[in-house]
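Student: structure of the sequence below:
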Amino acid sequence: MIPLGSSGWQFVGFFFHLACALACTIAGYWLLRHPQVTIPHRWWTLCALSLTAIWSLVVAALGAGHLLAVTASAARDIAWVFVLYRLFAADGRHQLTQPVRPVVAALTLVILLQAAVAAAAAFIGPDALPDHSSPLFGIVALLHILVAVGALVLAHNLYVGASPALRPLLRWPAGALTGFWAYQLNLFTIAYLGGAVDGLLAFEGLIAGLVGALLVFGGSAQVEGRRLSPSRTVAFRTLSLVIIGAYLLVMAIVAGSLSLLGDGLQRLTQVALVFAAMALALHWLPSRKLRGWWRVTVIKHLFEHRYDYRAEWLRFTRTIGRIPGNEGEAEDLSHRAVRAMANVVESPSGLLFAPDEDGAFVLAGRWNWPDIAVPPQPIPPQLAEAIARSDRIVDLDRNREESDDFVLPCWLADRADVWAVVPLLHFERLQAVIVLSRPALPRRLDWEDFDLLRIIGRQLASYLAERAKHEALLEARQFDEFSRRIAFVMHDVKNLASQLSLLARNAELHGDNPAFRADMLVTLRNSADKLNALIARLGRYRTGDRIGLDRVELDEVARRVVGGTGRGGRVTTLGTPGIAVLGNSEALEQAIAHLVQNAIEASEAGTPVYLDFSTDGVRARIDVVDSGEGMSSQFVRDRLFKPFVSSKSAGFGIGAYEARELVRAMGGRIDVDSRFGVGTRFSISLPVFAAAELARLANDSVAAGAKGT
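Tutor: Below you'll find the predicted structure:
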């Protein structure tokens, strides 16, 4: 007992009893606010918590020996006895409550008798319990002991006689009440034997508050299956505190023993012990080997498994998910994979070997192992094939001591610091091989190491396989972009070639006609201009590129499109003249030309194609209408705007896709209405230039006003 003195213990007891009252109040309030918590002792528990809180406040204000404190203590004990009684009916054991009733009645009678004797003692002496000079003190203590023993017997029978299904629910309340009555038993036993109980009385409030909280929060069905399961970190720190406490105890014993020596020898011994302790601390505390030995020893004797799998998996995911270049590091996935696996088994370094383009395994990642010499062909193909086929982790210690199926190269077998070779398999295909170095504390690999390394190896293999597929996809996309640009060029060149072929055939028939020769020169000039524009546009076919927007006259665009279709006269322009839109003249002409060319090819010879312009004042509409065979709704929805998909045998499937992309780049859209046997209508919608300018000026004024405020 700490020698604080009577006034010191009264000060401590004052705060502990206030804490008890607060804890019981919070527990009772929580029980009232959670009516879904169905416990058989609900209302008796609320009553007991209320009486315990009142008792704590009275003791804090008047002292434990005051008459009001003695009365409140008796009421508190009776309430907790009835809580214990109600627990017997928790699993339907109502037939057992009948033999328990006489015991409960006897305990209640003893508590009332004890309160009466304590009240009589209060008239004789200033305090009932702590005053050993009171003639009734021994009787009060014996009655308290009798009540505590009877309550402990009831608590024991309550838990032992419960059904296995109900024991998890009764574990917390039975344990809490057992602790409360056990404390009462020790308190009054020491008091009866004449010991000092000032400190025990001070802590009585703390014990009562903890019992009330445990009884409420632990007795609900929501926590019936909970068990105290400290983490490994808590276990390590607790054990470290125990060792520190043992060290302090030993030092206290040694210090007490030194007092028996002489003054000179005592000082010399103290200096020697301090020097030895400092030398050991400087030598062993920074030692990684000592920390490894300590960890292995504690895990071996305290835990069923070597690894805390939750903590290891969290550390593994943090290491793999670290952004390259974070915290001053520039690690790619290969280096992070080696680090993640090495950290799990406390390996200080490692290597990763991955297949190259020819399938040979070469060094792809090195972590914290600069002194090992890796040959140009480190992993022979036979070894890689054998490891992949067996799905085994190569234990180098076992490989050196026994005859193994794996024949390791000399640079691995001859190095004593090489510890394990771990295959990384994904769908039974070897993605990589990791070589780990020996930990600071040498140990043999066991089944748990093998299982964990195999699981982590498969997870790392999936990451590496995903990265390889991602790189292959990026390369394929680059080739796809190149092929798409070439396809656009071929499509435009095909249209120009068709126009020039038509021009050559007509020249054979109408070469002597001056009007035809003049028209032929115009067509040749337009074809040359289109070729030059195509060359200039070749570098602009990239996803997301924006084109310059300006005022575009639809009549001028229509004349160029109609002129580029030759002398057939199949394109007829209709609608409102003089419409100007916000767009790009070259891109819009190209888009309309694609749609007109498709409409001509889809229609029968001699059937006209209509180019219709209209506007509602905000947006302009350009319709390309033909009376061809038409398209199904499924084809329009799923295949029309897909590149390299065409319903024509000689088509590239680029025209509609390129037209849509060009219109989208100008801020417009294309709608399609097609029916079998009737024809098709392509509708291009673009903003009217005047409306777009008004909207831009309004936005600029609003932005300027907001900036001014």
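Student: just the CA trace of the strand or helix carrying Arg318, in PDB.
Tutor: Assigned by DSSP states H and E, Arg318 belongs to helix 309-320. Extracted in PDB, the C-alpha atoms of helix 309-320 (Å, rounded to 0.1, in the frame of the first residue of the first chain):
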ATOM      1  CA  TYR A 309      -1.500 -11.900 -41.200                       C
ATOM      2  CA  ARG A 310      -3.700  -8.700 -41.000                       C
ATOM      3  CA  ALA A 311      -0.700  -6.500 -40.300                       C
ATOM      4  CA  GLU A 312       1.500  -8.200 -42.900                       C
ATOM      5  CA  TRP A 313      -1.100  -7.900 -45.600                       C
ATOM      6  CA  LEU A 314      -1.700  -4.200 -44.800                       C
ATOM      7  CA  ARG A 315       2.100  -3.600 -44.900                       C
ATOM      8  CA  PHE A 316       2.300  -5.500 -48.200                       C
ATOM      9  CA  THR A 317      -0.500  -3.400 -49.900                       C
ATOM     10  CA  ARG A 318       1.100  -0.200 -48.600                       C
ATOM     11  CA  THR A 319       4.400  -1.100 -50.100                       C
ATOM     12  CA  ILE A 320       2.900  -2.200 -53.500                       C
END
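Student: elements contacting it?
Tutor: Applying 3 or more Cβ pairs under 8 Å, 6 or more residues apart in numbering; DSSP states H and E, we find helix 309-320 packed against helix 333-344, helix 447-510. Every C-beta, even on glycine, is put in place using the N, C-alpha and C of the backbone.
Student: what does the shortest one contact?
Tutor: The reference is to helix 333-344. By Cβ atoms under 8 Å, 6 or more residues apart in numbering, the residues outside helix 333-344 that reach it are 307, 312, 315-316, 319-320, 322, 331, 347-352, 354, 364-368, 422, 424, 432, 434, 436-437, 452-453, 456-457, 460, 463-464, 467.
Student: for PyMOL, write a command that selects the buried ones of these.
Tutor: A single PyMOL command selects the buried members of these (16 or more other Cβ atoms under 10 Å):
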select buried, resi 307+312+316+319+320+331+347+348+349+350+351+352+354+364+365+366+367+422+424+432+434+436+437+452+453+456+457+460+463+464
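Student: quick one: mean pLDDT over the helix holding Arg318.
Tutor: On average, the pLDDT along helix 309-320 is 86.
Student: tell me what angle it forms with helix 447-510.
Tutor: In terms of direction (axes from the mean of the first three to the mean of the last three Cα atoms, to 10 degrees), helix 309-320 departs from helix 447-510 by 40 degrees.
Student: what does helix 309-320 rub up against?
Tutor: By Cβ under 8 Å, 6+ apart, the list of residues contacting helix 309-320 from outside reads 231-232, 333, 336-337, 339-340, 343-344, 452, 456, 459-460, 463.
Student: ok, now stretch 666-677?
Tutor: Residues outside stretch 666-677 that contact it (Cβ under 8 Å, 6+ apart) are 547, 549, 582-584, 587-588, 629-633, 636, 640, 659-660, 663, 680-687.
Student: same check, this time on stretch 14-30
Tutor: Identification of contacts with stretch 14-30 by Cβ under 8 Å, 6+ apart yields 46, 49-50, 52-54, 56-57, 59-60, 202-206, 208-210, 212-213, 215-217.
Student: whichever of the residues you listed end up buried, select them in PyMOL.
Tutor: Buried subset of these, written as a PyMOL selection, criterion 16+ other Cβ under 10 Å:
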select buried, resi 46+49+50+52+53+54+56+57+59+60+202+204+205+206+208+209+210+212+213+215+216+217
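Student: alpha carbons of stretch 611-625, as CSV, please.
Tutor: What follows is stretch 611-625, C-alpha atoms only, in CSV (Å, rounded to 0.1, in the frame of the first residue of the first chain):
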residue,chain,number,x,y,z
LEU,A,611,-28.5,18.9,-99.2
ASP,A,612,-30.9,20.9,-97.0
PHE,A,613,-30.1,23.9,-94.8
SER,A,614,-32.3,25.3,-92.0
THR,A,615,-32.0,27.2,-88.8
ASP,A,616,-34.1,28.1,-85.7
GLY,A,617,-32.0,31.1,-84.9
VAL,A,618,-29.8,29.4,-82.4
ARG,A,619,-28.6,26.3,-84.2
ALA,A,620,-28.3,25.4,-87.8
ARG,A,621,-29.2,22.1,-89.3
ILE,A,622,-27.6,20.5,-92.4
ASP,A,623,-29.5,17.5,-93.7
VAL,A,624,-28.1,15.0,-96.2
VAL,A,625,-31.0,13.0,-97.6
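Student: buried residues, stretch 371-387. List them.
Tutor: Buried-residue list, stretch 371-387, by 16+ other Cβ under 10 Å: Ile372, Val374, Pro378, Ile379, Leu383, Ala384, Ala386, Ile387.
Student: and stretch 506-516, by the same measure?
Tutor: Of the residues in stretch 506-516, Asn506, Phe516 count as buried by neighbour count, 16+ other Cβ under 10 Å.
Student: tell me the mean pLDDT over it?
Tutor: Stretch 506-516 comes out at a mean pLDDT of 78.
Student: just stretch 202-209 next, same as before
Tutor: Averaged across stretch 202-209, pLDDT comes to 77.
Student: C-alpha coordinates for that stretch, PDB please?
Tutor: Provided in PDB are the C-alpha atoms of stretch 202-209 (Å, rounded to 0.1, in the frame of the first residue of the first chain):
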ATOM      1  CA  ALA A 202     -10.400   4.600  -1.900                       C
ATOM      2  CA  PHE A 203     -10.500   2.200  -4.800                       C
ATOM      3  CA  GLU A 204     -13.900   0.800  -4.000                       C
ATOM      4  CA  GLY A 205     -15.600   3.500  -6.100                       C
ATOM      5  CA  LEU A 206     -13.400   2.700  -9.100                       C
ATOM      6  CA  ILE A 207     -14.200  -1.000  -8.800                       C
ATOM      7  CA  ALA A 208     -18.000  -0.400  -8.500                       C
ATOM      8  CA  GLY A 209     -17.900   1.900 -11.600                       C
END
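Student: return the distance of that stretch from the chain's centre.
Tutor: For stretch 202-209, the separation from the chain centroid amounts to 42 Å (computed by Cα atoms, centre = their mean, to the nearest Å).
Student: likewise stretch 578-597?
Tutor: Distance of stretch 578-597 from its chain centroid, counting by Cα atoms, centre = their mean, is 51 Å.
Student: this protein: strands as residue ranges?
Tutor: For the chain, the strands defined by DSSP state E occupy 350-355, 361-367, 394-395, 418-426, 429-437, 550-553, 571-575, 580-583, 609-615, 619-626, 669-675, 679-687.
Student: how about CSV for these, with mean pLDDT added?
Tutor: CSV is the format used below for those (pLDDT from 0 to 100):
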stretch, mean pLDDT
strand 350-355, 92
strand 361-367, 89
strand 394-395, 89
strand 418-426, 93
strand 429-437, 93
strand 550-553, 91
strand 571-575, 88
strand 580-583, 92
strand 609-615, 92
strand 619-626, 93
strand 669-675, 90
strand 679-687, 93
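Student: most packed of those strands?
Tutor: Of the strands of the chain, the one with the most neighbours on average (mean count of other Cβ atoms under 10 Å) is strand 580-583, at a mean of 26.
Student: which outside residues touch that strand?
Tutor: Around strand 580-583, the neighbours that count as contacts under Cβ under 8 Å, 6+ apart are 549-554, 588, 620, 666-668, 686-690, 692-693.
Student: same thing with stretch 375-395?
Tutor: For stretch 375-395, the external contacting residues (Cβ under 8 Å, 6+ apart) are 353, 359-363, 404-409, 411, 420-423, 425, 428-430, 433, 444-445, 450, 453-454, 457.
Student: give the residue spans of the stretch 151-300 of the chain that score low on pLDDT.
Tutor: For the stretch 151-300 of the chain, residues meeting the criterion pLDDT under 70 lie at 163-169, 194-200, 216-300.
Student: that older thread, in helices only, show me the contacts of stretch 14-30.
Tutor: If you go by DSSP state H, these have 46, 49-50, 52-54, 56-57, 59-60, 202-206, 208-210, 212-213, 215-217 in helices.
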